[in-house]
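[1] Here is a sequence with its predicted model. Questions after.
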Amino acid sequence: MLIEAIDDDFIAMPGGVVREGLYLAADTVIAPPEVMEMLRNLAFETRRSFAPSAWWIVHDGEIVGLCSVIRVSPEGDLHIGYGVAPRCQGRGFATKGVRQLLE
């Protein structure tokens with residue numbers, strides 16, 4: 001399932017804090033703090049032309065990855081990026097997340 005990633009999420013997640021109803025396993029790192037900051041800035045910029053612009057990939061309440069619009073072309077095409085925590089890779093989470101985003 002995809003859940004919109006908001007600005008506060010990008011700030012809190014490197015410290016292991018996620019919003020109520022979700023959790024992040026102790027050994028799960030979606031991205032290092034400097035990458036989360038870059039993704040936060042990217043989401044902020046992208047929201048100017050497409051919103052929402054970033055979503056957490058969630059499985060059974062656990063945040064396992066992130067999918068976001070990284071660029072909107074002048075023609076209106078969306079370019080996306082995604083990542084899944086290393087311990088969650090190879091389980092189809094990114095495929096399901098991108099499929100849901102396209103729907």
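    Here it is on my side, so go on. The shown structure was predicted, so the numbers you read here are calculated from the model rather than taken from an experiment.

[2] quick one, longest strand in the chain?
    What stands out as the longest strand in the chain, according to DSSP state E, is strand 62-72.

[3] roughly how far out does it sit from the chain middle?
    The chain centre lies 3 Å from the centre of strand 62-72; the measure is Cα atoms, centre = their mean, to the nearest Å.

[4] Now do the helix or strand just after it and strand 62-72, the angle between them.
    The helix or strand immediately downstream of strand 62-72 is strand 78-84, counting by DSSP states H and E. Calculated by axes from the mean of the first three to the mean of the last three Cα atoms, to 10 degrees, strand 78-84 forms an angle of 150 degrees with strand 62-72.

[5] Show me what counts as buried in the lowest-mean-pLDDT helix or strand in the chain.
    Least confident helix or strand, the chain: helix 7-12 with a mean of 88, by mean pLDDT, DSSP states H and E. For helix 7-12, a neighbour-count test (16 or more other Cβ atoms under 10 Å) marks 9-10 as buried. (Each C-beta comes from the backbone N, C-alpha and C, glycine too.)
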